[in-house]
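Q: The sequence and its predicted three-dimensional model are supplied below.
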Amino acid sequence: MVATPLKPEKNQTEKRLTIQTEQINEDTTTIRSLDWDRDRFDIEFGLQNGTTYNSYIIRGEKIALVDTSHAKFRQLYLDALTGEIDPTTIDYIIVSHTEPDHSGLIADVLKLAPQAVIVGAKVAIKFLKDLVHDPFEFIQVKSGDRLDLGKGHDLEFVSAPNLHWPDTIFTYDPKTLTLFTCDAFGLHYCSAATYDDDLKAITPDYRFYYECLMAPNARSVLSAMKRIDKLDSEITLVANGHGPLLKHNTKELMEWYREWSEAQTKGDKTAAVFYVSDYGYSDRISQAIAKGITKAGVAVEMVDLKVADPQDVHEIVGRAAGLVIGMPPLDSAYNDELSKAVGTILAASKDKQVFGMFESYGGNDEPIDPLLMKFRDTGLTTAFDSIRVKTEPDEALYQLCEESGTDLGQLLTQKEKLKARKSLDSDLDKAMGRISGGLYILTAQKGDVKGAMVASWVTQASFEPPGFTVAVAKDRAIESLMQVGDRFVLNILEEGKYQGLMKHFLKRFPPGADRFEGVNVQMAKNGSPILGEALAYLECEVMSRMEASDHWIVYSKVETGRVSNQEGLTAVHHRKVGNYY
């Protein structure tokens, strides 16, 4: 194993980029681009442990390169590649998908290996023709197709669209029992460990990655898993595109995807999110909205209008309870196809559906208002105010998108939740309601994103270090700010003096609204707001999370705290029933 630094680390603020090469099994080498300090990724969710971009070389009688790397690693990656192999001997470049963090250096590699044949899904080849301006040879593949490299490396391809790119394919090598999966089964976790040696350490990032990127595509995950199940042999190594490779816990970690996706799709309600890949920020914005929808327990179908079949669009709209439409470019090579696709959505929509719309900030978005009026005239209900992107998206904009998606999801599930409350056994319901709790307000801020939540399910859980647990509903906006490593403040309310704060924070805020407007706050050392009227506060760091049906149980250690009134008592919350707050 060789690790090559870009340059010596000078201080903690310098962004470290290194390359790691290692033989992972017979005839197969990985080139891992380690981005140690990256703290934001893709749909602008925060990273605690950086990330990696993994590329692979398979040597048979012929040689295949599986994926490349991010453009920021250009020289490092090309040096590592040429150090491992003569580029003029590369026969194939397998493109798992065309997202820039994995395909950003394809044009550079082709200059060194002009004889190489590109292998990818039909959609990937179509996208690459727009990205690589010089002509190239290619082979289009789909599920079941094979590419024999010799020496037993008879590669089989598995279609896996929307994981999480519309052109994704997996590649299976039966000689080494290795499945090359690019984004799927990955995690944003940068370390010198090539494999999943420390399951406990990587589990939070593995789950968080799934929630952000794969949960909105849970149906596609299950479809891909069914295709994987049909492979002739077992899989002993998952060669993913991000993070450590899955070698020691392969079956367990893959099965988690199946379990999580089945849970995600068990609801009756589905929302369809339509976007235009590779245009402006359409894919990122749509992913953020979809993530918010899934937090409300609603399944999502992501549909790329650039490649969607009109009949598929019609069927998806027909079975969806909610629709989200991203504005396509007004003038482009795809204009006629995109206009027809949007027309199909409108024609197939019906008056019981809810919908929302967003701009992509692509420079020439089709205007929202004319289409908005057409959907309203059809009788659809607006789930959230149209998201109009006037500048490059930032943290606040992505928070607005996620909260808008959650609003749509909650709108779709509110009737079912009311029915569920009424259907519970009254004796059990009343008995559960006798579990009392204190009254607290969680406050958090990360960058420009702020959040707050009234909480009553708070319990001390440890003495050393001092710590407690709090239950956070999955569809709460603040949940995204309470991942492992995040910091927040627990504000403890005072008996007889909490009504004003409760009234303020219990009201429904529109997506993206400032929860603290008009509230007396000061900033804690950890950067989160402290409520001036609170009886006491605790500054906390999230240490672990446990899933508990519709809530997350979040265990946090306390770093510091203070009481404003030594004689004050904590406000207590008594419920009559136990099936809602």
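A: It's in.

Q: need the contact list for Ser223.
A: Contact analysis of Ser223 by Cβ atoms under 8 Å, 6 or more residues apart in numbering lists Ala160. Every C-beta, even on glycine, is put in place using the N, C-alpha and C of the backbone.

Q: what's around Asp448, how many residues?
A: A count of neighbours around Asp448, defined by other Cβ atoms under 10 Å, yields 11.

Q: Per-residue pLDDT of it, please?
A: The per-residue pLDDT reported for Asp448 equals 84.

Q: how close does it get to Gly362?
A: When Cβ to Cβ, to the nearest Å is applied, the distance between Asp448 and Gly362 equals 23 Å.

Q: Please apply the same query to Tyr77.
A: Computed as Cβ to Cβ, the Tyr77 to Gly362 distance reads 29 Å.

Q: the more surrounded of these two?
A: Tyr77 (24 against 20).

Q: Am I right that that one sits in a helix?
A: Yes - when classified by DSSP: H, G, I helix; E, B strand; the rest coil, Tyr77 is found to be part of a helix.

Q: ok, it - contacts?
A: Going by Cβ under 8 Å, 6+ apart, the list of residues near Tyr77 reads 19, 31, 33, 55, 68-69, 105.

Q: Look up the closest residue to it, ignoring the ones flanking it.
A: Using Cβ to Cβ, 6 or more residues apart in numbering and skipping residues adjacent in sequence, the residue nearest Tyr77 is Ser69, 4.4 Å away.

Q: Tell me, what's the model's pLDDT at that neighbour?
A: According to the predicted model, the pLDDT of Ser69 comes to 96.

Q: Make CSV out of the contacts of Tyr77 and add distance to His551.
A: Written out in CSV, the entries for those read as follows (distance: Cβ to Cβ, whole Å):
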residue, distance to His551
Ile19, 42
Ile31, 41
Ser33, 37
Ser55, 39
Thr68, 41
Ser69, 39
Leu105, 43
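
Q: Where strands are concerned, which of those residues count?
A: In strands, defined here by DSSP state E, the members of those are 19, 31, 33, 55.

Q: What is the nearest of these to Gly532?
A: Ser33 (46.8 Å; Cβ to Cβ).

Q: In this structure that closest one contacts Ile19, no?
A: Yes - the pair formed by Ser33 and Ile19 meets the contact definition of Cβ atoms under 8 Å, at 6.0 Å.

Q: list the residues that contact both of those two?
A: Here Ser33 and Ile19 have 73, 76-77 as joint contacts, going by Cβ under 8 Å, 6+ apart.

Q: JSON lines please, covering those and showing pLDDT and distance to Gln414.
A: JSON lines is the format used below for the shared contacts of Ser33 and Ile19 (pLDDT from 0 to 100; distance: Cβ to Cβ, whole Å):
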{"residue": "Phe73", "pLDDT": "96", "distance to Gln414": "47"}
{"residue": "Leu76", "pLDDT": "97", "distance to Gln414": "51"}
{"residue": "Tyr77", "pLDDT": "97", "distance to Gln414": "50"}
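
Q: now, among these, which is nearest to Lys266?
A: Distances from Lys266 to the shared contacts of Ser33 and Ile19, taken as Cβ to Cβ, are shortest for Phe73 (40.4 Å).

Q: so the closest one touches Thr18, yeah?
A: No - taking contacts as Cβ under 8 Å, Phe73 lies outside contact range of Thr18: 9.3 Å.

Q: tally of neighbours for Asn364?
A: One way to gauge burial is a neighbour count; for Asn364, by other Cβ under 10 Å, it gives 13.

Q: Could you report the pLDDT at it?
A: Reading off the per-residue confidence, Asn364 sits at a pLDDT of 85.

Q: Lowest-scoring secondary structure element of the protein by mean pLDDT?
A: Least confident helix or strand, the chain: strand 2-5 with a mean of 40, by mean pLDDT, DSSP states H and E.

Q: From the centroid of this structure, which residue is nearest?
A: For the chain, the residue nearest the mean C-alpha position is Cys212 (1.7 Å; Cα atoms, centre = their mean).

Q: what about it, distance to Asp196?
A: Using Cβ to Cβ, Cys212 is found at 19 Å from Asp196.

Q: Repeat that for Lys450.
A: Applying Cβ to Cβ, one obtains 35 Å for the distance of Lys450 from Asp196.

Q: what do you get for Val484?
A: Plainly put, Val484 is 17 Å away from Asp196 if you go by Cβ to Cβ.
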